[in-house]
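K.L.:
need coordinates for the below:
(one chain, ligands or ions: 1)
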Amino acid sequence: MIDGKKVLFSGMQATGNLTLGNYLGALKNWVSLSDEYLCFYSVVDMHSITVRQDPAVLRKRARSLLILYIAAGLDPEKNCLYYQSHVSGHAELSWILNCFTYMGELNRMTQFKDKASKHGDNINAGLFTYPVLMAADILLYQADVVPVGADQMQHLEITRDIAERFNNIYGDVFTIPEAYVGKVGARIMSLQDPSKKMSKSDENPNGGIYLMDDADTVMRKCKRAVTDSEGTFLYREEQPGLKNLIDIYSVCTGKTPDEVVQEFDGRGYGDFKMAVGEAVTSILNPLQKEAARLEKEKDYVDSIIKENAEKAGYYARKTLRKVQKKVGFPVRV
Ligand code: TYM
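P.N.:
Numbers count the residues shown, from 1 in each chain. Okay, here's the model as predicted:
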């Protein structure tokens, strides 16, 4: 709790092109929750360097991501939108939490195993302790709730475990956070292979819809989306391609999957794919326009970056000082 309000923390990596999965699984929920909570939304650039980055590209993407947060509807006066690397408390708390995290726990992380297999030439220690930095992000602000897609659940569980372990030793230091995962849209799958999540790093460009895709590209990708030869319009696991498209349409339009099935029952998949493309475009179009406008508002965006980093730093320091004292670091005089 800060000033009587519950706290929300979440973040996104500025790596690769953001996908519709990032938007529907996370960013959209961030906006809908932002009135209810005191919110910290970070561009987690420190997490990004666990995989080799071109510095100029990372810097540019980080800024565009922060702009996208605003373009998506997060008011920077009310929500704290900032770069993780601008608040040193993330790294400081991460070190302390490293000393309360077991190798065995980190070894079980599926995302680590997955990334290690993709980047075999660079399995660095940062990639391994990535979830500890994520725990530090969340616990630094005493977050009550963390809206994420389903793929981050394991990281949320380890965060809770680390926090509980620490509290058991030192008393109630950390708030134990809850994950917030949307009912529909928490796991948007690849349009080309519905057994894989839609991902920024998909080698097949037709698998993902990127937030900066224009209307023609979105339509083309939706038309080419893999479905099945059943010909029945049902929302079920046995038809994963169709189910994924129903999820996408459902989150974009606010209709339930059942309502979507009723609407399209008896019509061909082709018709439905067109409708999905239109629904997606109607979400992306205003987002892209607003992002393009803000990219030109240099002074305004700079001032947000500065003010919000200071605000985040203030709250981060409060927790950090408390933790440092608990573990026995000498008090500053
Ligand atoms: P990242 O950058 O991979 O993804 C950002 C958010 O998008 C969600 N997401 C999806 N949701 C539905 N369907 C998909 N196909 C899909 N792909 C991605 C993710 O679940 C996430 O919510 N480690 C995190 C970033 C992070 C973080 C944190 C998140 C760092 N610290 C603290 C929450 C709290 C990550 O790499 O997300």
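
K.L.:
from here on, just use CA atoms for contacts and neighbour counts.
P.N.:
Fine.

K.L.:
from S201, how far out is whatever residue of the stretch 201-333 of the chain ends up closest to the ligand?
P.N.:
Going by Cα to the nearest ligand atom, the ligand is nearest to G208 of the stretch 201-333 of the chain, at 8.7 Å. Applying Cα to Cα, to the nearest Å, the value for G208 to S201 is 9 Å.

K.L.:
quick one: which of those two has more around it?
P.N.:
G208 (30 against 13; other Cα atoms under 10 Å).

K.L.:
I'd say that one and K196 touch.
P.N.:
No. Applying Cα atoms under 8 Å, one finds G208 not in contact with K196, separated by 10.7 Å.

K.L.:
helix or strand for the residue of the stretch 201-333 of the chain closest to the ligand, which one?
P.N.:
Assessed by DSSP states H and E, G208 sits outside every helix and strand.

K.L.:
let me see the contact set for it.
P.N.:
Taking Cα atoms under 8 Å, 6 or more residues apart in numbering as the criterion, G208 is in contact with T19, L20, S190, L191, M198, S199, K200, D202, K221.

K.L.:
neighbour-wise, which one of those leads?
P.N.:
L191 (28 neighbours).

K.L.:
and it, what pLDDT?
P.N.:
On pLDDT, L191 comes in at 97.

K.L.:
was I right to think it contacts G241?
P.N.:
Yes. Counting by Cα under 8 Å, L191 touches G241, with 7.0 Å between them.

K.L.:
which residues do these two both contact?
P.N.:
A225, V226.

K.L.:
surely H86 meets E307?
P.N.:
No. Judged on Cα under 8 Å, H86 makes no contact with E307 at a distance of 11.0 Å.

K.L.:
overlap in contacts, the two.
P.N.:
By Cα under 8 Å, 6+ apart, no residue touches both H86 and E307.

K.L.:
what comes up buried for the longest helix along the chain?
P.N.:
Looking across the chain with DSSP state H, the single longest helix is helix 298-327. By 16 or more other Cα atoms under 10 Å, the buried positions in helix 298-327 come out as 301, 304-305, 307-310, 312-313, 316-317, 319-320, 323.

K.L.:
ok so, going back, what pLDDT does the residue of the stretch 201-333 of the chain closest to the ligand get?
P.N.:
Predicted confidence (pLDDT) for G208: 96.

K.L.:
before we move on, what about the one 3 residues further on?
P.N.:
According to the model's per-residue confidence, L211 sits at a pLDDT of 96.

K.L.:
spell out which residues of the stretch 1-150 of the chain are next to the ligand.
P.N.:
10-13, 21-22, 25-26, 44, 134, 137-138, 146, 148-150 (Cα under 6 Å from any ligand atom).

K.L.:
what about the helices in the stretch 1-150 of the chain?
P.N.:
Using DSSP state H, counting those that start in this stretch, the helices of the stretch 1-150 of the chain run over 20-22, 28-33, 45-48, 55-71, 89-98, 103-107, 110-118, 125-140.

K.L.:
now the ones you listed in a markdown table, please, with extra columns for mean pLDDT.
P.N.:
Below are the helices of the stretch 1-150 of the chain laid out as a markdown table (pLDDT from 0 to 100):
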| stretch | mean pLDDT |
| --- | --- |
| helix 20-22 | 96 |
| helix 28-33 | 94 |
| helix 45-48 | 97 |
| helix 55-71 | 97 |
| helix 89-98 | 98 |
| helix 103-107 | 96 |
| helix 110-118 | 90 |
| helix 125-140 | 97 |
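
K.L.:
deepest-packed of those helices, please.
P.N.:
helix 20-22 (a mean of 25; mean count of other Cα atoms under 10 Å).

K.L.:
what's the spacing between that helix and its chain's center?
P.N.:
Offset of helix 20-22 from its chain centre (Cα atoms, centre = their mean, to the nearest Å): 9 Å.

K.L.:
could you do stretch 235-242 as well?
P.N.:
In terms of Cα atoms, centre = their mean, the centre of stretch 235-242 is set 25 Å apart from its chain centre.

K.L.:
now do stretch 316-329
P.N.:
When distances are taken as Cα atoms, centre = their mean, stretch 316-329 is centred 27 Å away from the chain's centroid.

K.L.:
contacts for that stretch next, please.
P.N.:
Here stretch 316-329 has contacts from V87, G89, H90, E92, L93, L140, Y141, Q142, Y170, V173, V331, using Cα under 8 Å, 6+ apart.

K.L.:
one more time with 10 Å, if that's ok
P.N.:
87-90, 92-93, 96-97, 136-137, 139-142, 166, 169-171, 173-174, 310, 330-332 (Cα atoms under 10 Å, 6 or more residues apart in numbering).

K.L.:
what is the burial count for E164?
P.N.:
Residue crowding around E164 was assessed by other Cα under 10 Å; the count is 18.

K.L.:
packing partners for the helix or strand hosting it?
P.N.:
Assigned by DSSP H and E, E164 falls within helix 153-170. Packing partners of helix 153-170 (3 or more Cα pairs under 10 Å, 6 or more residues apart in numbering; DSSP states H and E): helix 89-98, helix 103-107, helix 110-118, helix 125-140, strand 145-147, strand 178-180, helix 298-327.
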